[in-house]
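Here is a sequence with its predicted model. Questions after.
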Amino acid sequence: MRPLIIVLVIVTIILAGCASDGGGGCSDNSDCKSYQFCNKSSGFCETLPGYCDSNEDCTDELMECDVAGTHLCVFKEGRCKSNANCEPWQICDAENYCRAGPGYCDSDSQCDPGFEYCNPVTHQCSPAPGYCLDDLDCDSWEKCDVISKRCYVLPGRCELDGDCETWQTCNLKTHFCEAKTGFCINDDDCPSWARCDETSKKCVARQGYCATDGECNDWEYCASKAHRCTPAKDRCNTDDDCGYWQICDTQHYCNAKVGYCDDDADCVSGEVCNQDTHLCQ
């Protein structure tokens, strides 16, 4: 009696497991999965005609059960019975395999090993990266050499800094060589007060302008905004750089004219310099 009870318990557990995965007991079709129906005679879910639960349910050796999706028998990868079972670029051969059709390829070995590869998108032999048949096979900044079948960079264009001059860098967005910081290609790369020196490829001050104090006279400095050589305080180039009561001397200092004063020292004893009129009183 005890062995019989054990068997009944095991069977109950197995049936419970079947019911939990959709293949167990049922009272109507809603208790089963979409590819099953409820066999009310047995009270269990069974596979609908035309569907499958495993590869063994597929009678054609070219097919297998799509257990992860539709539960229908589908052709195994790369197998077929007609061209309709293959990709548009394939044909079904005599051995029931999908093969690349005329004008198409499925591996690089079917292309010219010198410069072609099998394009995985078009499934046609195309020039490998860097190779070409015409300019359309190259990037917009390149041209095709039809003899070597290689794309080469157009003059003034680039793919990396090495395609440019040493004072230039390659803009990887436009593929144009551009001047590095501190250098210039032409005057457009310089501020309004400077020009591009053709030899050094650097911006230098135009005539009448300056970039540093060293480009000015000893008594001047280079004004940072105007970039003009400007006399330092109390220094001058002409009388116009001085007050109306002063003249610019040969040492480029502003000094009081005869009859005027800058301070009391310019006046005789007992007088002071009026800072409004610059006259001794």
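Arrived safely. Numbers count the residues shown, from 1 in each chain.

With adjacent residues omitted, what lies nearest to P231?
With sequence-adjacent residues excluded and distances taken as C-beta to C-beta, 6 or more residues apart in numbering, P231 is closest to D241, at 5.1 Å. All C-beta atoms are positioned from the backbone trio N, CA, C, and that covers glycine.

Next, count neighbours for that neighbour.
Residues within reach of D241, counting by other C-beta atoms under 10 Å, total 15.

any idea of the pLDDT on it?
On the pLDDT scale, D241 is placed at 92.

How about G156?
85.

Likewise for G114?
Reported pLDDT for G114: 88.

cool, R2 as well?
So R2 comes in at 48 (pLDDT).

The protein - how does it break down into domains?
Using automatic domain parsing, the domains assigned to the chain come out as 50-102, 187-231, 239-280.

what's the closest of those domains to S34?
When these are compared for distance to S34 using C-beta to C-beta, the nearest one is domain 50-102, at 8.1 Å.

Span of the closest one from start to end?
Distance across domain 50-102, first residue to last, is 35 Å (C-alpha to C-alpha, to the nearest Å).

which residues in the stretch 101-250 of the chain form strands?
116-118, 125-127, 142-145, 150-153, 168-171, 176-179, 194-196, 203-205, 220-222, 229-231, 246-248 (DSSP state E, counting those that start in this stretch).

Need the ones you listed in a markdown table (columns: distance to H278).
Output for these, formatted as a markdown table (distance: least, C-beta to C-beta, whole Å):
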| stretch | distance to H278 |
| --- | --- |
| strand 116-118 | 90 |
| strand 125-127 | 86 |
| strand 142-145 | 74 |
| strand 150-153 | 71 |
| strand 168-171 | 58 |
| strand 176-179 | 53 |
| strand 194-196 | 40 |
| strand 203-205 | 37 |
| strand 220-222 | 25 |
| strand 229-231 | 19 |
| strand 246-248 | 8 |
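
need these in a markdown table with mean neighbour count and distance to E95, can you?
Listed next are these as a markdown table, based on neighbours: other C-beta atoms under 10 Å; distance: least, C-beta to C-beta, whole Å:
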| stretch | mean neighbour count | distance to E95 |
| --- | --- | --- |
| strand 116-118 | 19 | 21 |
| strand 125-127 | 19 | 24 |
| strand 142-145 | 17 | 40 |
| strand 150-153 | 18 | 40 |
| strand 168-171 | 17 | 52 |
| strand 176-179 | 18 | 55 |
| strand 194-196 | 18 | 71 |
| strand 203-205 | 18 | 73 |
| strand 220-222 | 18 | 86 |
| strand 229-231 | 18 | 90 |
| strand 246-248 | 18 | 105 |
